[in-house]
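S.K.: What follows is a predicted structure for the sequence shown.
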Amino acid sequence: MKWINGHHELKKLKLFFLVAGLVVAISAIKVFVHWMQFEFVTLSTLLTSAIGGAIFIIGFLLSGVLSDYKESERLPADIRVALEAIHDDAVCFAEKCPDFKVGPLRIILGNILIVLQRGLGHEGAHKDLRPAILEIDKLTPMVAQMDVLGMPANFIVRLRGQQDQLRRCVFRIYHIQSMQFVPSVYILVKTLVAAIVLLLLFLETEGSPGTALIFGFISYMFVYALYLIETLEQPFRKDHDSLDDVSLFLLREFGDKLDGCKDENLANRPVAGP
């Protein structure tokens, strides 16, 4: 799959190629079973009812997982808005109050982005966000310092509200990444898919191309749904080289903005005379 990761357009088909390979392998086993005459399951209404029930349960599980995924797509934007608001208010206050230095605040904001992305990567098993929470807590002394230096009360309330929004978003990501939607239903879906594929393997067929296509289509549908659920259960899957995870490009752009502010400050720093 490494050659797929090197092409942006092919990344969209990564899961398709994976599932298609499994379906081809299952179809080869089906051909072997038919050739050896191991088929003993006859087509009946019970089998079709089982397939229909499995589709219903998979649809129920997908609806629950997709709701969390849709919510996850909004969280990076909410985090970016909170970070921008905290940074802009601090910069405006630093212009009016030279005693307040915005540099330490920028370091904290940058560290929040670093530990957040690290916790959502392989290093943090895609769910270790406790360091990000600790970094957000470091904003409290900074807000208290601005309060002591004379920042208006309404701005202090706004800053604390943005800090709470950061906590809310990170805690929500932490919960979504750590918890599995109805684990018992997920186990049921896995066993149903395995049972239906086994039943189809030993289903009595004519061995014609038409029956082979139907078998491949049904197997593809169930196996793909199983992999899709597993992929969507953790919307933030950084370092997986996948286009199915929620993008953090908004946070990376804010990190670039902070780096630009640091470079600008260094450029504007007066040079000591000889």
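M.R.: Sure thing, it's come through. Only a predicted model underlies this, so the values are computations on that prediction, with no experimental measurement involved.
S.K.: can you map out the helices along the stretch 1-150 of the chain?
M.R.: Along the stretch 1-150 of the chain, the stretches classed as helices by DSSP state H, counting those that start in this stretch are 2-5, 8-11, 14-35, 45-96, 103-119, 130-137, 139-148.
S.K.: May I see the buried residues of the third one?
M.R.: Spelled out, that is helix 14-35. Within helix 14-35, the residues that qualify as buried are Lys14, Leu15, Val19, Leu22, Val23, Ile26, Ser27, Lys30, Val33, His34, counting by 16 or more other C-beta atoms under 10 Å. C-beta here means a position set from N, CA and C on the backbone, and glycine is covered the same way.
S.K.: which one of the helices of the stretch 1-150 of the chain lies closest to Gln180?
M.R.: helix 45-96 (9.5 Å; C-beta to C-beta).
S.K.: rewinding a little: farthest pair within the buried residues of helix 14-35?
M.R.: Lys14 and His34 (30.9 Å).
S.K.: Please name the residues that touch Phe215.
M.R.: Ser27, Lys30, Leu200, Leu203, Thr205 (C-beta atoms under 8 Å, 6 or more residues apart in numbering).
S.K.: try it again with 7 Å
M.R.: Ser27, Lys30, Leu200 (C-beta atoms under 7 Å, 6 or more residues apart in numbering).
S.K.: separation between the second one and Ala125?
M.R.: When C-beta to C-beta, to the nearest Å is applied, the distance between Lys30 and Ala125 equals 37 Å.
S.K.: what's around Leu105, how many residues?
M.R.: Each residue near Leu105 was counted by other C-beta atoms under 10 Å, and the total is 24.
S.K.: The one 3 residues further on too?
M.R.: The local packing count at Ile108 equals 16, with neighbours defined by other C-beta under 10 Å.
S.K.: Please report how far it lies from Val143.
M.R.: 11 Å.
S.K.: ok, now Val189?
M.R.: 47 Å.
S.K.: Also Leu192?
M.R.: 52 Å.
S.K.: what does Ala25 give?
M.R.: On the measure of C-beta to C-beta, Ala25 and Val143 end up 58 Å apart.
S.K.: swap in Ile26?
M.R.: Distance from Ile26 to Val143, by C-beta to C-beta: 58 Å.
S.K.: ditto for Gly59
M.R.: 47 Å.
S.K.: wait, which of the helices of the stretch 1-150 of the chain is closest to Gly210?
M.R.: helix 14-35 (13.5 Å).
S.K.: Which neighbouring elements make contact with the closest one?
M.R.: Under the contact definition 3 or more C-beta pairs under 7 Å, 6 or more residues apart in numbering; DSSP states H and E, helix 14-35 sits against helix 183-201, helix 209-232.
S.K.: quick check: angle from that helix to helix 183-201?
M.R.: Orientation of helix 14-35 against helix 183-201 (axes from the mean of the first three to the mean of the last three C-alpha atoms, to 10 degrees) gives an angle of 40 degrees.
S.K.: send the alpha carbons of stretch 121-132 over as PDB?
M.R.: C-alpha atoms of stretch 121-132 as PDB (Å, rounded to 0.1, in the frame of the first residue of the first chain):
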ATOM      1  CA  GLY A 121      -0.700  10.400  16.000                       C
ATOM      2  CA  HIS A 122       0.800   6.900  16.300                       C
ATOM      3  CA  GLU A 123       2.900   8.100  19.200                       C
ATOM      4  CA  GLY A 124      -0.200   8.800  21.300                       C
ATOM      5  CA  ALA A 125      -2.200   5.800  20.000                       C
ATOM      6  CA  HIS A 126      -4.600   8.400  18.400                       C
ATOM      7  CA  LYS A 127      -6.200   9.300  21.800                       C
ATOM      8  CA  ASP A 128      -3.600  10.500  24.300                       C
ATOM      9  CA  LEU A 129      -4.800  14.100  24.800                       C
ATOM     10  CA  ARG A 130      -4.000  14.500  28.500                       C
ATOM     11  CA  PRO A 131      -0.900  16.600  27.700                       C
ATOM     12  CA  ALA A 132      -3.000  18.900  25.600                       C
END
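S.K.: pLDDT on that stretch, on average?
M.R.: Computed over stretch 121-132, the mean pLDDT rounds to 86.
S.K.: same question, stretch 206-220
M.R.: The average of the pLDDT scores along stretch 206-220 is 83.
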